[in-house]
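**Student:** coords please:
(chains A and B)
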There are 2 protein chains.
Amino acid sequence: MTTEPTTPDALAAILENAAAAAKPLGDLRPAERGALLRAVADALDAAADELVPLAIEESHLTEQRLRGELTRTTFQLRLFDETLNEGSYLEATIDHADPDWGMGPRPDLRRYLVPLGPIVMFSASNFPFAFSVCGGDTASALAAGCPVIVKAHSGHPRLSQRVGEVAKAALAAAGAPVGTLDVVVGTENGKTALLDPRVKAGSFTGSIPGGRALFDLASSRPEPIPFYGELGSLNPVFVTPGAVKARGEEIATGYIGSYTLGVGQFCTKPGLLFVPAGHGLDELIVSTVAALEPAPLLNPRIRSGYDEVLDKLTAVAGVSAVVEASVQDGLSVGPTLVKTSLTNLLANADTLLEECFGPTSILVEYASVSELEEAAKAFGGNLTATIHAEPEEADSLHALLAVLRDRAGRLLFNGWPTGVSVTYAMQHGGPWPATTASIHTSVGTSAIRRFLRPVSYQSMPQELLPEALRDENLLGIVRRVNGQLTLP
Amino acid sequence: MTTEPTTPDALAAILENAAAAAKPLGDLRPAERGALLRAVADALDAAADELVPLAIEESHLTEQRLRGELTRTTFQLRLFDETLNEGSYLEATIDHADPDWGMGPRPDLRRYLVPLGPIVMFSASNFPFAFSVCGGDTASALAAGCPVIVKAHSGHPRLSQRVGEVAKAALAAAGAPVGTLDVVVGTENGKTALLDPRVKAGSFTGSIPGGRALFDLASSRPEPIPFYGELGSLNPVFVTPGAVKARGEEIATGYIGSYTLGVGQFCTKPGLLFVPAGHGLDELIVSTVAALEPAPLLNPRIRSGYDEVLDKLTAVAGVSAVVEASVQDGLSVGPTLVKTSLTNLLANADTLLEECFGPTSILVEYASVSELEEAAKAFGGNLTATIHAEPEEADSLHALLAVLRDRAGRLLFNGWPTGVSVTYAMQHGGPWPATTASIHTSVGTSAIRRFLRPVSYQSMPQELLPEALRDENLLGIVRRVNGQLTLP
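**Tutor:** Residues are numbered from 1 along each chain as shown, chains lettered A, B, ... in the order given. A predicted model of the protein is given here:
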């Protein structure tokens, strides 16, 4: 087990294998590919007692959290198996020839989605299972039929290597083509792979500067390719006076739990909580935050980045500490909470609306609920935005919600943005800088759409059509026939 | 009616109006937006006798062609009205809360697609109706709920202006927000609009260098935006010995008809026809091509570009003229046909696989059908690829078809690629350089997906949910509920 950068020869072989795997992997029936995903899920579950301790050692996250994350990861692989079997992800569409079509005779046309080809996936540090080697991007790309080259994150190199080995062994045993999945080590190797003409898309979870640099690289290729980057997010939460009155204590403790979860290292961490001035929750907040134990951040780079942004935040005039971190030792930090007024926030938006990745959040006190719409407009793209309000206030919230809808991929009511369920209706994405591709999601079953492109067949004989498009519905899938969605 | 570049003040107002129109246009019910599209279609049909002569004058295309193109254009607008009413384009998805969800309790999540915001559309020269001011990009963007700023093509400035006026009057009369559609004149104005932070996507139909430059501009913005460019395509056609034997004459005349259609100015023009050496069709081909009348190209720029590429083609050793253009006068040219061997084509692929926009095509003679797969691999991305074969040859064509599927958005059997029907299953797109975004189409009802992004609502009260996602299916649309596609 090595964590040295992949050698040039090894990288060349990985690229060659991925290119060679594209056709056989793509040619599998959806259910056959689903079986591969299930095999990977089973193997990872079976290796949990080996993998989780490795993840703890490298990420410093808790066992409970990491076991939960592994469950999420294998659940996700199995959910894509279900998606493949259900088959509507293929968008199979059949237009029979029609001599009376309104613009002139229509030929027989049949369209469905095919895999893009090999993908390079840059994994994240903060979810060593769910957004790493066998995480959501890999699961959705493999489901689509695209071989995946994972650029391992330097924060958990041995876990990456080991997860890769377990997954590759499971894939091989299940009959997947060589090259279906590989792991490369080293930033330059990741870039080299992204620039290789055989690679047809990139994906990434990480910082805004890192994601932007790779997006620029992907876009600048002689053949530009899609690059799906999930970058930064502030995840503002707006609390109405009615909500504070009805359940202020519950909101305060929920907020603190959410922003300190995983030592604040979630891309969906609530970075700002807007509350009415005079909320009367200071004492509760101080005691709740102060009671939390310090905990280690992921790695020294996260730690130094956190300190740097936190220093900038607290240096802004009008920003005061509600709770200052008790311990800042090695990687360990205690949670911090600062507060400011809405007026001061807007006056210093450039500094205060920068993501602080770690256990810090800003309590923003507003004078009147009428200011919230203006405050919401100060935000760029986000993964989430949340409103806490009472049901009888709903009618007054339409305008605020509309502003937030333009700026976020997921809108929550009386909840907390951390905890991203993997479902059919999940949207994990949002306008720039939350992502580089706001029209897609990186979590949930729709994530598969990123790795597929449409092909139409015109007047093609049955035997040359893919099974999904033949007259007989061989795959038993939903299809649109002459404009009508038709259940199997 | 002016065709002068839009003034800075006028451009500023157009951008402001488009930004202001985004919310009211997006907030309309799908059927209400559909009615706007229908109003534009009706107004254009009613103005046909004014618009068609203007189009003839500026484009030099025939009346029959332009009347057909206008029919296609208004049919397309009405087909998007139908798409809006059918409603599955919204991808409405509802997950009810589920305490037993496999990865842990699932909240109530509801996802659908919302408009991106204002779009800048760069129109094409060769389809003054169907890929211009009220063409496919505009129709699909308006259908999605996105205001459209059209950068008029300099090849038909007065028609662009007049179509814009007719459409804007129809939109205003039907109650559309001011700023729903506007036309700007001038390349620099188009770029300025594309770089404006209020603009959320760009679309384009035209040359590879032009499209690439705009793609680079869109990608380089502080907030990068999607850019949907439909660029160049060679549209190779592969004819088997069996097909030549069974219906060589029909194929020869079909080919000539297709590559000279619209004076060869189609992005789907068959640029190369692969036929077995010794096909015996030379005499027929010469007489058929020679009998065609010269016809004017669109404009002097198209003419000079055509001459330049044609000169390069014919200068290649081993390329000989089958028919040389009889007349090359002003804008008028007669069709040209050159031929070469497959071996020579592959040896000179850099020159011979450049698109020659105009009435020229290359007859490529091959020695053995076994060479075709290798020939197909020489191509980059294309809009289309075609096979002419006899049914009993189908079994031998799987490998060739697989190579072509990786390189084209539409695969035809025993047909011609010109004539792109607007349907549910049409794919007009393909890998680079056919487009800048191979995962989408610019023709057909799926074209709407380019201008939409997903938003999820978590635990949102009914009264704050959009109509598409409330418990009661208020729009009567297809929805996915707890993973199951559910017809209304």
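**Student:** The stretch 1-150 of chain A against chain B: which residues are in contact?
**Tutor:** A:23, A:68, A:71-72, A:75-76, A:78-79, A:82, A:86, A:88, A:91, A:93-95, A:101-104, A:106-107, A:109-111, A:114, A:116-117 (Cβ under 8 Å from any Cβ of the partner chain). Every C-beta, even on glycine, is put in place using the N, C-alpha and C of the backbone.
**Student:** Quick one: mark the members of those that sit in strands.
**Tutor:** In strands, defined here by DSSP state E, the members of the residues of the stretch 1-150 of chain A next to chain B are A:93-95, A:109-111, A:114.
**Student:** which two from these end up farthest apart in space?
**Tutor:** Spanning the widest gap among these are A:D95 and A:V114, at 18.1 Å by Cβ to Cβ.
**Student:** now the helices for the stretch 351-488 of chain A?
**Tutor:** Secondary structure of the stretch 351-488 of chain A, counting by DSSP state H, counting those that start in this stretch: helices at A:372-377, A:398-405.
**Student:** follow-up on the earlier one: mind giving me JSON lines with the ones in strands among the residues of the stretch 1-150 of chain A next to chain B and columns for distance to B:G415, neighbour count and pLDDT?
**Tutor:** Converted to JSON lines, these look like this (distance: Cβ to Cβ, whole Å; neighbours: other Cβ atoms under 10 Å in any protein chain shown; pLDDT from 0 to 100):
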{"residue": "A:T93", "distance to B:G415": "18", "neighbour count": "28", "pLDDT": "98"}
{"residue": "A:I94", "distance to B:G415": "17", "neighbour count": "24", "pLDDT": "98"}
{"residue": "A:D95", "distance to B:G415": "14", "neighbour count": "24", "pLDDT": "98"}
{"residue": "A:L109", "distance to B:G415": "10", "neighbour count": "26", "pLDDT": "98"}
{"residue": "A:R110", "distance to B:G415": "13", "neighbour count": "26", "pLDDT": "98"}
{"residue": "A:R111", "distance to B:G415": "15", "neighbour count": "28", "pLDDT": "98"}
{"residue": "A:V114", "distance to B:G415": "20", "neighbour count": "18", "pLDDT": "98"}
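**Student:** contacting residues for A:L273?
**Tutor:** Counting by Cβ atoms under 8 Å, 6 or more residues apart in numbering or on different chains, A:L273 touches A:236-237, A:239, A:255, A:361-364.
**Student:** Chain B: which of those residues is nearest?
**Tutor:** Comparing the contacts of A:L273 against chain B with Cβ to the nearest Cβ places A:V237 closest, at 12.5 Å.
**Student:** tally of neighbours for the closest one?
**Tutor:** Neighbour count for A:V237, taken as other Cβ atoms under 10 Å in any protein chain shown: 27.
**Student:** now it, nearest residue through space, not along the chain?
**Tutor:** In space, A:V237 comes closest to A:T386 once its chain neighbours are excluded; the distance is 4.2 Å by Cβ to Cβ, 6 or more residues apart in numbering or on different chains.
**Student:** what residues go with each domain of chain A?
**Tutor:** Chain A breaks down into these domains under automatic domain parsing: A:8-231+A:438-486, A:237-413.
**Student:** Can you give me the neighbour number for A:K245?
**Tutor:** When neighbours are defined as other Cβ under 10 Å, A:K245 has 12 of them.
**Student:** Then A:L261?
**Tutor:** Using other Cβ under 10 Å, A:L261 is surrounded by 18 other residues.
**Student:** backbone phi and psi for it, please?
**Tutor:** phi -60, psi 140 (degrees, to the nearest 10).
**Student:** my guess is it contacts A:K269, does it?
**Tutor:** Yes: A:L261 is in contact with A:K269 according to Cβ atoms under 8 Å; the separation is 7.4 Å.
**Student:** Common neighbours of these two, please.
**Tutor:** Common contact partners of A:L261 and A:K269 (Cβ under 8 Å, 6+ apart): A:T418.
**Student:** for A:V148, which residues make a bridge with it?
**Tutor:** With DSSP bridges as the criterion, A:V148 is bridged to A:I119, A:L181.
**Student:** most packed of the domains of chain A?
**Tutor:** Greatest average neighbour count among these goes to domain A:8-231+A:438-486 (a mean of 21), per mean count of other Cβ atoms under 10 Å in any protein chain shown.
**Student:** Return the helix or strand in chain A with minimum mean pLDDT.
**Tutor:** In chain A, the helix or strand scored least confidently by mean pLDDT, DSSP states H and E is strand A:328-329, which has a mean of 72.
**Student:** And the next helix or strand past it?
**Tutor:** Per DSSP states H and E, the first helix or strand lying C-terminal to strand A:328-329 is strand A:332-333.
**Student:** Report the rounded mean pLDDT for that following strand.
**Tutor:** Mean pLDDT, strand A:332-333: 94.
**Student:** now swap in stretch A:7-20 and tell me
**Tutor:** When pLDDT is averaged over stretch A:7-20, the result is 98.
**Student:** tell me how far it is from the chain's mean position?
**Tutor:** In terms of Cα atoms, centre = their mean, to the nearest Å, the centre of stretch A:7-20 is found 27 Å from the chain centre.
**Student:** Any chance you could give me it in CSV, C-alpha atoms only?
**Tutor:** Extracted in CSV, the C-alpha atoms of stretch A:7-20 (Å, rounded to 0.1, in the frame of the first residue of the first chain):
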residue,chain,number,x,y,z
THR,A,7,4.3,7.2,-11.6
PRO,A,8,4.0,8.5,-15.2
ASP,A,9,3.9,4.9,-16.4
ALA,A,10,1.3,3.9,-14.0
LEU,A,11,-0.8,7.0,-14.9
ALA,A,12,-0.5,6.2,-18.6
ALA,A,13,-1.7,2.7,-17.9
ILE,A,14,-4.6,3.9,-15.8
LEU,A,15,-5.7,6.3,-18.6
GLU,A,16,-5.4,3.6,-21.2
ASN,A,17,-7.4,1.1,-19.1
ALA,A,18,-10.1,3.7,-18.5
ALA,A,19,-10.4,4.4,-22.2
ALA,A,20,-10.5,0.7,-23.0
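**Student:** which SS class is A:E165?
**Tutor:** helix (DSSP: H, G, I helix; E, B strand; the rest coil).
**Student:** Turn the domains of chain A into JSON lines, including distance to B:L345.
**Tutor:** JSON lines is the format used below for the domains of chain A (distance: least, Cβ to Cβ, whole Å):
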{"stretch": "domain A:8-231+A:438-486", "distance to B:L345": "21"}
{"stretch": "domain A:237-413", "distance to B:L345": "48"}
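**Student:** between these, which gets nearest to B:A143?
**Tutor:** Closest among the domains of chain A, using Cβ to Cβ: domain A:8-231+A:438-486, at 15.0 Å.
**Student:** Model confidence for A:M1, exactly?
**Tutor:** 44.
**Student:** quick revisit: any chance of the helices of the stretch 351-488 of chain A in CSV, with mean pLDDT too?
**Tutor:** Shown next, in CSV, are the helices of the stretch 351-488 of chain A (pLDDT from 0 to 100):
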stretch, mean pLDDT
helix A:372-377, 97
helix A:398-405, 98
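**Student:** I'd like the distance between the residue nearest to A:F127 when sequence neighbours are not counted and A:A48.
**Tutor:** The shortest distance from A:F127 to any non-neighbouring residue, by Cβ to Cβ, 6+ apart, is to A:E69 (6.1 Å). Using Cβ to Cβ, to the nearest Å, A:E69 is found at 11 Å from A:A48.
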